[in-house]
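Predicted model, plus sequence, below.
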Amino acid sequence: MSCQARIRPPGGGRSPRWLVSMTLLTTAFGCAAQPLGCVLHAPAEVVVGSPVPLRFVVTNQGRKALRLLEWNTPFEGWFGAYVEVTRDGVVLPYKGPTVKRGEPSADEYLRFAAGQARQVTVELSLPFDLSQPGLYRVQPRLTLHDVGSAQVPSRTRAEHTAQALVCNGVELRVVQARGRPS
């Protein structure tokens with residue numbers, strides 16, 4: 001992955017392209033940005049009151065093993081709003097638990113070997129009200145609180161290296177059961 005991206009100058013003129021440093025990546029990780037990928041899967045349609053499983057697949061696409069702190073990610077379940085959910089364009093409030101954190105322990109880190117993928121499924125209807133029919137959009141807002149070399153088992157909060165984890169959004173339609181009026 002490159003540490004720089006090319007963009008055109010404002011106005012689209014004939015000026016040479018600018019090189020813009022990707023500050024988040026270079027500050028946190030140097031030029032070798034942590035190559036974590038994420039894909040979110042969800043059913044296209046569910047009946048009101050049915051389970052709504054979200055399956056996250058996180059992959060270490062790099063050549064070195066990594067470890068990441070599982071706080072506020074699907075790997076620890078619902079202890080914070082790591083997705084934004086809208087119904088017909090209106091943001092729904094997160095109604096799940098939140099926690100206050102101290103220092104992390106080594107068992108709160110997940111190790112990802114080079115090329116390894118891990119998947120986890122969480123139930124979306126636990127922290128969000130999906131009782132109304134409509135078109136729902138789920139957009140992950142994942143920040144990995146600490147990502148680093150697999151050789152370092154855990155660090156203090158002051159030493160954490162955070163990284164945004166980009167993951168696709170999904171749409172699903174919640175419908176009334178067949179034969180029941182809406």
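Received the coordinates, thanks.

List the buried residues in stretch 131-143.
136-138, 140, 142 (16 or more other C-beta atoms under 10 Å). C-beta here means a position set from N, CA and C on the backbone, and glycine is covered the same way.

Show me which pair in these is furthest apart.
Tyr136 and Leu142 (18.3 Å; C-beta to C-beta).

Just checking, which helix or strand of this structure averages the lowest pLDDT?
strand 18-21 (a mean of 26; mean pLDDT, DSSP states H and E).

Quick check: closest non-adjacent residue to the residue nearest the centre of the chain.
Geometric centre of the chain, nearest residue: Leu142, 3.3 Å, by C-alpha atoms, centre = their mean. In space, Leu142 comes closest to Leu165 once its chain neighbours are excluded; the distance is 4.1 Å by C-beta to C-beta, 6 or more residues apart in numbering.

Next one: that neighbour from Arg87, what distance?
24 Å (C-beta to C-beta, to the nearest Å).

same check, this time on Asp107
Applying C-beta to C-beta to Asp107 and Arg87 gives a distance of 37 Å.

Can you tell me the SS state at the nearest residue to Lys95 once chain neighbours are set aside?
Closest residue to Lys95 apart from its sequence neighbours, by C-beta to C-beta, 6+ apart: Pro127 at 5.4 Å. Secondary structure assignment for Pro127 (DSSP: H, G, I helix; E, B strand; the rest coil): coil.

Next, the contact list for Pro127, please.
Residues near Pro127 by C-beta atoms under 8 Å, 6 or more residues apart in numbering: 78, 81, 94-97.

just Ser105 next, same as before
With C-beta under 8 Å, 6+ apart, Ser105 has these contacts: Ser154.
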